[in-house]
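Asks: Below: sequence and its predicted model.
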Amino acid sequence: MKKALGLILGLIAIDQLIKIWVKTSMRIGEGFPLLGNALEIYFIENNGMAWGMEFGGEGGKIALTLFRLLAVGGIFYLLYDMLKKGPLNLMSVGLAMVFAGALGNIIDSVFYGQLFSESNRFFVAETFPETGYAPWLQGKVVDMFFFNIRWPESMGGSLIFPPIWNFADACISIGVACMLLFSFFKRKDSAPETKPTS
(Lines give C-alpha, C1' and ligand atoms only; values in the text may rest on other atoms or scores of the structure.)
Protein backbone atom coordinates (compact mmCIF):
# COMPACT_ATOMS: atom_id res chain seq x y z
CA MET A 1 0.00 0.00 0.00
CA LYS A 2 2.89 2.37 0.74
CA LYS A 3 4.19 2.10 -2.84
CA ALA A 4 0.74 2.81 -4.28
CA LEU A 5 0.25 5.75 -1.91
CA GLY A 6 3.67 7.13 -2.86
CA LEU A 7 2.78 6.85 -6.55
CA ILE A 8 -0.57 8.59 -6.00
CA LEU A 9 0.89 11.45 -3.96
CA GLY A 10 3.76 11.91 -6.44
CA LEU A 11 1.41 12.11 -9.44
CA ILE A 12 -0.96 14.52 -7.67
CA ALA A 13 1.98 16.72 -6.66
CA ILE A 14 3.27 16.89 -10.25
CA ASP A 15 -0.22 17.66 -11.56
CA GLN A 16 -0.85 20.42 -9.05
CA LEU A 17 2.60 22.00 -9.43
CA ILE A 18 2.09 22.26 -13.21
CA LYS A 19 -1.43 23.68 -12.81
CA ILE A 20 -0.46 26.22 -10.15
CA TRP A 21 2.53 27.35 -12.22
CA VAL A 22 0.34 27.81 -15.32
CA LYS A 23 -2.48 29.47 -13.36
CA THR A 24 -0.18 31.99 -11.64
CA SER A 25 2.13 32.83 -14.54
CA MET A 26 -0.01 32.76 -17.70
CA ARG A 27 -3.11 34.47 -19.05
CA ILE A 28 -5.97 32.54 -20.66
CA GLY A 29 -5.07 31.80 -24.28
CA GLU A 30 -1.36 32.37 -23.72
CA GLY A 31 1.06 29.65 -24.79
CA PHE A 32 4.47 28.64 -26.02
CA PRO A 33 5.90 25.64 -27.94
CA LEU A 34 7.54 22.55 -26.46
CA LEU A 35 9.32 19.80 -28.41
CA GLY A 36 9.46 21.98 -31.50
CA ASN A 37 5.88 22.73 -32.47
CA ALA A 38 4.55 19.21 -31.86
CA LEU A 39 3.57 19.87 -28.24
CA GLU A 40 2.53 23.25 -26.86
CA ILE A 41 1.65 24.76 -23.50
CA TYR A 42 -1.63 26.61 -24.10
CA PHE A 43 -3.60 27.75 -21.06
CA ILE A 44 -7.36 27.25 -20.97
CA GLU A 45 -9.85 26.38 -18.23
CA ASN A 46 -12.49 23.68 -18.41
CA ASN A 47 -15.87 24.76 -17.02
CA GLY A 48 -17.51 21.37 -16.89
CA MET A 49 -17.07 17.82 -18.05
CA ALA A 50 -14.54 16.32 -20.45
CA TRP A 51 -13.79 18.38 -23.57
CA GLY A 52 -15.34 21.49 -21.97
CA MET A 53 -18.96 20.34 -22.04
CA GLU A 54 -21.32 22.03 -19.58
CA PHE A 55 -23.67 20.24 -17.20
CA GLY A 56 -26.76 22.05 -15.92
CA GLY A 57 -25.31 25.37 -14.73
CA GLU A 58 -24.13 25.94 -11.14
CA GLY A 59 -26.33 23.20 -9.66
CA GLY A 60 -25.09 20.74 -12.26
CA LYS A 61 -21.49 21.74 -11.57
CA ILE A 62 -21.91 21.01 -7.84
CA ALA A 63 -23.69 17.72 -8.58
CA LEU A 64 -20.92 16.72 -10.98
CA THR A 65 -18.20 17.49 -8.42
CA LEU A 66 -20.02 15.51 -5.72
CA PHE A 67 -20.45 12.59 -8.13
CA ARG A 68 -16.73 12.71 -8.91
CA LEU A 69 -15.94 12.61 -5.19
CA LEU A 70 -18.13 9.53 -4.75
CA ALA A 71 -16.56 7.87 -7.80
CA VAL A 72 -13.04 8.55 -6.49
CA GLY A 73 -14.06 7.08 -3.13
CA GLY A 74 -15.19 3.93 -4.95
CA ILE A 75 -11.93 3.73 -6.92
CA PHE A 76 -9.90 4.08 -3.72
CA TYR A 77 -11.90 1.28 -2.06
CA LEU A 78 -11.26 -1.02 -5.05
CA LEU A 79 -7.55 -0.19 -4.96
CA TYR A 80 -7.30 -0.76 -1.20
CA ASP A 81 -9.12 -4.09 -1.50
CA MET A 82 -6.91 -5.14 -4.41
CA LEU A 83 -3.69 -4.33 -2.54
CA LYS A 84 -4.86 -6.26 0.54
CA LYS A 85 -5.12 -9.39 -1.60
CA GLY A 86 -1.78 -9.14 -3.39
CA PRO A 87 1.27 -7.05 -4.29
CA LEU A 88 1.38 -4.08 -6.62
CA ASN A 89 0.89 -5.17 -10.24
CA LEU A 90 -0.01 -3.54 -13.55
CA MET A 91 -3.72 -3.52 -12.65
CA SER A 92 -3.24 -1.83 -9.27
CA VAL A 93 -0.70 0.63 -10.75
CA GLY A 94 -3.26 1.52 -13.42
CA LEU A 95 -6.02 1.95 -10.84
CA ALA A 96 -3.71 4.13 -8.70
CA MET A 97 -3.01 6.33 -11.74
CA VAL A 98 -6.72 6.68 -12.50
CA PHE A 99 -7.35 7.59 -8.85
CA ALA A 100 -4.54 10.17 -8.83
CA GLY A 101 -5.70 11.74 -12.10
CA ALA A 102 -9.34 11.93 -11.03
CA LEU A 103 -8.41 13.40 -7.65
CA GLY A 104 -6.07 15.91 -9.31
CA ASN A 105 -8.94 17.32 -11.39
CA ILE A 106 -11.31 17.23 -8.41
CA ILE A 107 -8.90 19.44 -6.44
CA ASP A 108 -9.33 22.10 -9.15
CA SER A 109 -13.13 21.88 -9.00
CA VAL A 110 -13.36 21.91 -5.21
CA PHE A 111 -10.68 24.43 -4.20
CA TYR A 112 -9.43 26.58 -7.09
CA GLY A 113 -12.46 28.89 -7.10
CA GLN A 114 -11.53 30.06 -3.60
CA LEU A 115 -7.73 29.82 -3.83
CA PHE A 116 -7.29 31.98 -6.94
CA SER A 117 -8.66 35.11 -8.58
CA GLU A 118 -10.09 34.78 -12.06
CA SER A 119 -7.81 34.05 -15.02
CA ASN A 120 -8.59 35.93 -18.21
CA ARG A 121 -6.90 37.21 -21.37
CA PHE A 122 -5.66 40.39 -19.67
CA PHE A 123 -4.57 39.42 -16.15
CA VAL A 124 -2.73 36.54 -14.48
CA ALA A 125 -4.55 35.01 -11.51
CA GLU A 126 -3.49 35.87 -7.97
CA THR A 127 -3.14 33.33 -5.17
CA PHE A 128 -5.24 33.64 -1.99
CA PRO A 129 -7.29 36.68 -3.05
CA GLU A 130 -9.78 38.37 -0.72
CA THR A 131 -12.56 36.92 -2.86
CA GLY A 132 -12.09 33.92 -5.13
CA TYR A 133 -13.50 33.66 -8.62
CA ALA A 134 -16.08 30.97 -7.73
CA PRO A 135 -17.72 29.32 -4.68
CA TRP A 136 -16.47 26.01 -3.24
CA LEU A 137 -17.10 23.01 -5.55
CA GLN A 138 -17.43 25.30 -8.60
CA GLY A 139 -13.83 25.88 -9.64
CA LYS A 140 -12.54 25.37 -13.17
CA VAL A 141 -10.10 22.65 -14.21
CA VAL A 142 -6.80 23.98 -15.57
CA ASP A 143 -5.72 22.51 -18.92
CA MET A 144 -2.51 23.30 -20.78
CA PHE A 145 -1.10 20.56 -23.05
CA PHE A 146 -1.89 20.72 -26.76
CA PHE A 147 -0.70 18.42 -29.54
CA ASN A 148 -0.19 20.64 -32.60
CA ILE A 149 0.06 17.68 -34.98
CA ARG A 150 -2.04 17.65 -38.14
CA TRP A 151 -3.04 15.14 -40.75
CA PRO A 152 -1.40 15.65 -44.16
CA GLU A 153 -3.09 18.23 -46.40
CA SER A 154 -4.19 15.36 -48.65
CA MET A 155 -6.25 14.11 -45.65
CA GLY A 156 -7.71 17.51 -44.76
CA GLY A 157 -4.92 18.98 -42.63
CA SER A 158 -7.00 18.98 -39.44
CA LEU A 159 -5.58 18.38 -35.98
CA ILE A 160 -5.08 14.70 -35.15
CA PHE A 161 -5.89 15.22 -31.45
CA PRO A 162 -7.54 18.63 -30.86
CA PRO A 163 -8.44 18.50 -27.12
CA ILE A 164 -6.31 20.45 -24.66
CA TRP A 165 -5.51 18.34 -21.60
CA ASN A 166 -3.52 18.24 -18.38
CA PHE A 167 -1.23 15.86 -16.49
CA ALA A 168 -4.16 14.40 -14.54
CA ASP A 169 -5.93 13.49 -17.81
CA ALA A 170 -2.75 11.76 -18.98
CA CYS A 171 -2.61 9.77 -15.71
CA ILE A 172 -6.18 8.59 -16.23
CA SER A 173 -5.55 7.58 -19.86
CA ILE A 174 -2.29 5.74 -19.08
CA GLY A 175 -3.89 4.11 -16.04
CA VAL A 176 -6.77 2.77 -18.13
CA ALA A 177 -4.26 1.48 -20.71
CA CYS A 178 -2.32 -0.34 -17.93
CA MET A 179 -5.51 -2.02 -16.68
CA LEU A 180 -6.49 -3.09 -20.20
CA LEU A 181 -3.00 -4.54 -20.79
CA PHE A 182 -3.13 -6.42 -17.49
CA SER A 183 -6.55 -7.85 -18.35
CA PHE A 184 -5.36 -8.86 -21.81
CA PHE A 185 -2.24 -10.66 -20.58
CA LYS A 186 -4.08 -12.31 -17.69
CA ARG A 187 -6.79 -13.57 -20.02
CA LYS A 188 -4.10 -14.81 -22.40
CA ASP A 189 -2.23 -16.61 -19.59
CA SER A 190 -5.39 -18.21 -18.23
CA ALA A 191 -6.62 -19.41 -21.63
CA PRO A 192 -6.65 -23.25 -21.74
CA GLU A 193 -4.02 -24.78 -23.95
CA THR A 194 -5.29 -26.88 -26.83
CA LYS A 195 -3.71 -30.30 -26.92
CA PRO A 196 -2.68 -31.64 -30.34
CA THR A 197 -4.85 -34.47 -31.61
CA SER A 198 -3.30 -37.62 -33.03
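Replies: Nice, I can see it. The shown structure was predicted, so the numbers you read here are calculated from the model rather than taken from an experiment.
Asks: Start from the N-terminal end of this structure and give the strands.
Replies: According to DSSP state E, the chain carries its strands in the segments 31-34, 39-46, 141-147.
Asks: Which one, of these, ends up nearest to L79?
Replies: Distance to L79, taken as CB to CB, is lowest for strand 141-147 among these, at 22.5 Å. Where C-beta positions appear, they are placed from N, C-alpha and C, glycine not excepted.
Asks: what's the average pLDDT for that closest one?
Replies: Average pLDDT, strand 141-147: 96.
Asks: now that strand: how far from the chain's centre is it?
Replies: 10 Å (CA atoms, centre = their mean, to the nearest Å).
Asks: next one: stretch 119-128
Replies: 22 Å.
Asks: and the end-to-end length of that stretch?
Replies: 13 Å (CA to CA, to the nearest Å).
Asks: Go through that stretch and flag the buried ones.
Replies: Across stretch 119-128, burial judged by 16 or more other CB atoms under 10 Å covers 119, 124-126.
Asks: will you turn those residues into a markdown table that also has pLDDT and distance to G73?
Replies: Below are these laid out as a markdown table (pLDDT from 0 to 100; distance: CB to CB, whole Å):
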| residue | pLDDT | distance to G73 |
| --- | --- | --- |
| S119 | 97 | 29 |
| V124 | 98 | 34 |
| A125 | 98 | 29 |
| E126 | 97 | 32 |
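Asks: Just the helices from the protein, written as ranges.
Replies: Using DSSP state H, the helices of the chain run over 2-25, 57-85, 90-107, 113-115, 167-190.
Asks: rewinding a little: quick check: the two most widely separated of the buried residues of stretch 119-128?
Replies: Of all pairs drawn from those, the widest gap by CB to CB lies between S119 and E126 and measures 9.8 Å.
Asks: Save the helices of the chain as CSV, and put in distance to G31 and mean pLDDT too.
Replies: Formatted as CSV, the helices of the chain follow (distance: least, CB to CB, whole Å; pLDDT from 0 to 100):
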stretch, distance to G31, mean pLDDT
helix 2-25, 10, 97
helix 57-85, 26, 89
helix 90-107, 20, 96
helix 113-115, 23, 97
helix 167-190, 16, 91
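Asks: just those helices: most buried one?
Replies: Counting by mean count of other CB atoms under 10 Å, helix 90-107 has the highest mean neighbour count of the helices of the chain, with a mean of 22.
Asks: Show me the contact partners of it.
Replies: Helix 90-107 has contacts (CB atoms under 8 Å, 6 or more residues apart in numbering) with 4, 7-8, 11-12, 15-16, 19, 65, 68-69, 71-72, 75-76, 78-79, 82-83, 86, 141, 166-179, 181-183, 185.
Asks: got it, and stretch 128-141?
Replies: Residues outside stretch 128-141 that contact it (CB under 8 Å, 6+ apart): 45-47, 58, 61-62, 65-66, 105, 108-119, 125, 166.
Asks: Which positions within that stretch qualify as buried?
Replies: Buried residues in stretch 128-141 (16+ other CB under 10 Å): 132-134, 137-141.
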